Structures are given as C-alpha cells and as structure tokens.
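*Asks:* just need the structure, nothing else, for what follows:
(one chain, ligands or ions: 1)
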Amino acid sequence: MRIPLGKFLLLAMFLFFVVASLLTVFAYSAYRFSEERRLEVIRTRESGYLALSEQLIQRAMFEPIADLNVATQLPVVRSYLNNPNPENLAAMTRTFLAISRAYGRYYKIRFIANDGKEVVRVSRQLNQSYVTPDKELQNKADRYFFKAAMALDEKELYISPFDLNMEQGKLETPYRPMVRFAKHVFDDLGNGKGVIIFNYNAQEMLDALKDANSSNANDALHEVMLINEEGYWLTNSHAPEKEWGFAHEKSSDVFAYQFPTIWHHVNSEEHGSILSDEGMFLFKTLRPWQNASLSNDAFSAQLAEDAISTINAQAYRWKLVLWLPPRSLSKTSLASQDFTWPVVIVFYVLIALATTALAYLIMQRRLRRQLQAEHILDMERQAHTDVLTGLVNRRRFLELAKQEISRTLRKPAPLSLLMLDIDHFKRINDMYGHATGDEVLKAFSGTCAAVLREIDVFARLGGEEFVALLPDTTANQAELIANRICKAVAATPVLSDKQETINVTVSIGISQWSGAPSNVDTLLQTADEALYEAKKTGRNKVICAQCSVNWEICDKNKTFLNPN
Ligand SMILES: Nc1nc2c(ncn2[C@@H]2O[C@H](COP(=O)(O)OP(=O)(O)OP(=O)(O)O)[C@@H](O)[C@H]2O)c(=O)[nH]1
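*Replies:* Predicted coordinates for the structure are as follows:
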C-alpha cells in the first residue's frame, strides 16, 4: 500500500503553514524587540553627540565675551580711555593687533568713539591681521549695533544677532557668518568714551560643530543642523547650500519647508527625539547665554556670571538638531543586511523540508496503523467467516444468535431458525470430486442468500450443514421461506468441471423460539430434529413441527438420484 500523494501534499502544506506561521510570528517578534533595542542604543549615543555639540557651541560663544571683558580691563585700554593721546592710542592699537593675531577668530576689533567714528579698526582676512589706515575709517553712528552698545551701562554687554559679514554695504561671499560683541566703555571718572566691538568669526564654531559630528564614521552617520529662530539653517551638514536661507531669500530653504511635521515638534518643544518615516531626529533648544549659569561647564558658568547683565541674551534661541536619515538609520538594521534575505529564504526552505519530512513520517505511521487495523479486522473477519463460502461461521453465528435472542427478549417478536442440509452431498463428492463439491457448497450458499433477507443471519455450521436465523419471523412464515429456498436450490443445478449438470436438493428443519427463556442450543436442537425427520422421510423437503400446516412443496421430481 502506498502513501496517497494528494493527502500527503495536503498534510505537508498544512504543517508548513502552521509551523511557518508560528516561527514567523516568533522571529518577527524577536526582530521587533532587537530593532527597539538597536534604536534605543542609537538614541542614547545620539544624545551624547547632542550634549557634546551643545557644549561645544556654548563654549565657543562664551570665548568672545571673555576676550571682550579682558580687553576692556587691559591697562593699555584703560590708559587710552583715561588719556586718549596718540601714544596711548598706538599702544591700544598694538594690543588689538596682538589679540587679533593670537586668537584669529575676530574679523574686526574696533574702538568707536562717542560720535560714531571708528578710531581703531584691526581687521583679519586670509589669516592676516592688519590695522586699517586712518583714511579708511568710517563713521558708524547710524548702525544699530553702535546705537545699542552706546545705550549700555558699564556692566552690560551687547550681542548682535547671528549675521553675515557685509563689506561696503554688500554681503561678502563666500558668506562670513559673524556675531558682534560690544561693550560701552568708560574712563575712571565714569564718562562714556565709546564702544569696543569684536566681530566674532562664527564660521569657526560652525566648522567645529560639523567636525565634531562627522567623526562618527563607524556609527550610523547623522547630520547636524543648527537652526535659528525663524527656522533658517545656520549650519546644515546634509545640504550646505541651504544654509543662510534668509540671506539669499529662498523661502524653501527653511527646516519647516523640508520637514513640516518634524518642525512642529522641534519648534514647540524644548528637546526631544522623533522617529518617523523621515528618520530619527534628536533636538534641543539652545539659549547659549541665558542658561549658561546652569551649565556643567565651569568655564561657561563663570562667564555667565560675568555677563549676567547681557541685555539681549533672550533673543538667542537656536535649535540644535541631529538627524539620522532613513538610510543611515537602517544601516545597522538586520533587515537591510545583505545576508538577511538569503537567510530568510534558507529558513523557509528548511521549514518546508522539515515539515515535508514530518508529513511523510506521519503519513507512514498512519498507513502502518491503517494496515494493522485492517489486518486485525481481516483476522477477525477470518475468525468469523467460513473461508469457502464467505458466510458467517459457527462461532460467529452462535454469538449473533445470542444477541438476537437478547434483543427479542427486550422487545418481544417472533424468531425462527432454519437448519439446512444438502442431500446426499457425499455422493456429489464421490462422483464429481471434492473441488466440485466445494463449488456446489458455494452455489448453494449463493442461492439461499438470494432468498433470505439482509437482517437474516445465514451461516455455515460445517460440512454441508447450514443454518439461518430469521428475526421477526413466525414458524409459518419461516416455512414459506424454507420452501422458497428448497425450490430455488432444486431449480439451480450446478455444472461440474466436465460440464455435467448436478442437481442439488436440500432438506430443511424449522424451529421457532417459543418465548420461553430457551437458548440457541434448544432452537438448534428442535430444528435439527425436524431436519432429521425431513431426511428420514425422503429429503428435498421442509419439516416444521411447530407449524399449523405442514406441506411439502419442494419439487419432488428433482432429486439427486433422479437427475432431470
Ligand atoms: N467438498 C466438500 N465436502 C465436504 C466438506 N465438508 C464436508 N464434506 C463432505 O460432506 C459429506 C457429508 O456426507 P454425509 O454426512 O454422509 O451426508 P450426505 O451424504 O449429504 O447424506 P445426507 O445428509 O443423509 O443426505 C462428507 O463426505 C464430507 O467429507 C467440504 O468443505 N467440501
């Protein structure tokens, strides 16, 4: 017996579906868990970069304050303010030149007198510091920064908005971002003498910011952005051409244009992190001077003390944003590794192989069990069946007859039994051989079975002796059936292997269960006695002791002794 292919394939597919679904759910959950952990690690690392960047900006923005404070206290400067003679002016100019060279971070260091006239201007360009000749000095009385600085008292300090350097009223290109730091200076008698202004080269700080954030080449690469109040990029490592959008008046060069939903959070929240289809954003609001006294950085904290009266620190509010674009973010994700899809395919192929093997084993086991069950059934059938005729044998007949009697006891009904014996069967054997005798037995069984009903129990007791138990049948009805059998047998001759016609007749004895608690043996015995009577009185007949009428309707002409 072979494994049925259709069922095997169905089972294999079912197992594959179940196992693959379970393992997929499990693997996907594990993947989601590891993804969350991975993103958490990235977020923590990026927070570190954000804190570092903030510190870097804060430090850079405090250095000019320190320099300006020191400059206004220098003895040479004090001497000039108290006694503005040419000698002291020259000494102050030399000091400004030295400061310019030493730090290199100031485009201009100037002293502007009360009337707005530049008295000293030390410029720095292309890594060179030089003193501007007197004839090129300008009057700045109308400039906003001069006016603002002149309004300060001694302790206060003016910080201009982040701006681009202008030369001769025009934007200098490439852009030179700068912030002006100015102090109103007084002589020892408290008379205002003018303003000292440092034009701080902020590009230095912005470059340092980019450098600090590009050294993470081994990590997922992030972009650093510094955004001013209006959402313009002061620095944008991802798209430097979009920096200083306010200068080239391109409304699309704002953060809000590129990332509207992200900007909503960045603009309205102090700090946070956002994970979206556009990547991961970590941001922080920077108020370089306003919050400096809270800084962990001792340097910044001290300077915050010094510049405590900085008048326009409130105006400074930048947004520092670190952005991991989706590609960078997924760089370390399992899903984007080269080996992932081949592994997934191998994974499912292995599941398919394993479930196919399992289906094969299950089918084989089922088949074995089925064969065993069939074998047992077969054995049972053999134990209950007469091999030659296929009829129920004596043992099984006795079991079935007992069951039938019990049933009749529970639900009273007539029950009759026929005992059948082929006449002169020995002679058939003797004349035509044992094999032909067997054929006669088979033909006889078939003829009788055709007359009997489905519910009748027809059995071969042994040799040429047969029995039929007829439920729901009275002796009179049984007699009719027996006569029908008797006539059918007589009318059905059998052909020998030599094509000779063999007439077969049968004698039948009948008994009916009386309703009294008798057993099968009693029934058999009564029928056997009737059969004996039939044999004794000429064969080919039916005898029923309990019947109301007893007549012989079997064909008297058809006897074994009288063929045809
Ligand atoms: N071919 C064949 N013969 C069998 C089988 N079982 C029993 N016999 C024979 O059946 C014969 C029965 O003969 P008897 O018991 O003398 O009865 P009978 O010749 O039919 O005579 P009556 O019953 O008096 O009519 C014996 O010769 C048995 O050997 C069988 O399975 N096959």
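
*Asks:* measure the residue in the stretch 1-150 of the chain positioned nearest to the ligand to residue 203 for me?
*Replies:* Using Cβ to the nearest ligand atom, residue 1 is the residue of the stretch 1-150 of the chain that sits closest to the ligand, at 32.2 Å. C-betas here are computed from N, CA, C, even on glycine. From residue 1 over to residue 203 the distance is 88 Å, taken as Cβ to Cβ, to the nearest Å.

*Asks:* quick check, the residue in the stretch 251-400 of the chain closest to the ligand?
*Replies:* Taking Cβ to the nearest ligand atom, the stretch 251-400 of the chain has residue 388 as its residue nearest the ligand, at 5.7 Å.

*Asks:* show me the contacts for that residue.
*Replies:* Applying Cβ atoms under 8 Å, 6 or more residues apart in numbering to residue 388 gives the contacts 438, 441-442, 460.

*Asks:* mind doing that once more with 10 Å?
*Replies:* Shown in contact with residue 388 (Cβ atoms under 10 Å, 6 or more residues apart in numbering): 437-439, 441-442, 445, 460.

*Asks:* swap in residue 417?
*Replies:* Residue 417 neighbours (Cβ under 10 Å, 6+ apart): 401, 404, 457, 467-470, 473, 475, 478, 509-513, 520, 522-524, 526-528, 530.

*Asks:* try 6 Å this time
*Replies:* Residues near residue 417 by Cβ atoms under 6 Å, 6 or more residues apart in numbering: 469, 511, 523, 527.

*Asks:* quick check: residues of this structure near the ligand?
*Replies:* Proximity of the chain to the ligand, by Cβ under 6 Å from any ligand atom, involves residues 388, 421-426, 429, 434, 437-438, 441, 463-464, 535, 539.

*Asks:* go again with 5 Å.
*Replies:* 423-426, 429, 434, 437-438, 463-464 (Cβ under 5 Å from any ligand atom).

*Asks:* which PyMOL command selects the buried ones in those residues?
*Replies:* Applying 16 or more other Cβ atoms under 10 Å to the residues of the chain next to the ligand, the buried members can be selected in PyMOL as follows:
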select buried, resi 423+424+425+429+437+464
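
*Asks:* identify those among the residues of the chain next to the ligand that sit within helices.
*Replies:* Using DSSP state H, the members of the residues of the chain next to the ligand that fall within helices are 425-426, 429, 434, 437-438.

*Asks:* mind putting these in JSON lines, distance to residue 484 and pLDDT included?
*Replies:* Listed next are these as JSON lines, based on distance: Cβ to Cβ, whole Å; pLDDT from 0 to 100:
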{"residue": "425", "distance to residue 484": "21", "pLDDT": "95"}
{"residue": "426", "distance to residue 484": "26", "pLDDT": "94"}
{"residue": "429", "distance to residue 484": "27", "pLDDT": "93"}
{"residue": "434", "distance to residue 484": "29", "pLDDT": "93"}
{"residue": "437", "distance to residue 484": "24", "pLDDT": "94"}
{"residue": "438", "distance to residue 484": "25", "pLDDT": "95"}
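
*Asks:* hang on, residue 233 in a strand?
*Replies:* Yes - under DSSP: H, G, I helix; E, B strand; the rest coil, residue 233 falls within a strand.

*Asks:* all helices for the stretch 51-200 of the chain, in order.
*Replies:* For the stretch 51-200 of the chain, the helices defined by DSSP state H, counting those that start in this stretch occupy 75-82, 86-103, 144-150.

*Asks:* and the first one, what does it pack onto?
*Replies:* Helices and strands touching helix 75-82, as assessed by 3 or more Cβ pairs under 6 Å, 6 or more residues apart in numbering; DSSP states H and E, comprise helix 86-103.

*Asks:* quick one: the helix it packs on to chain centroid distance?
*Replies:* 71 Å (Cα atoms, centre = their mean, to the nearest Å).
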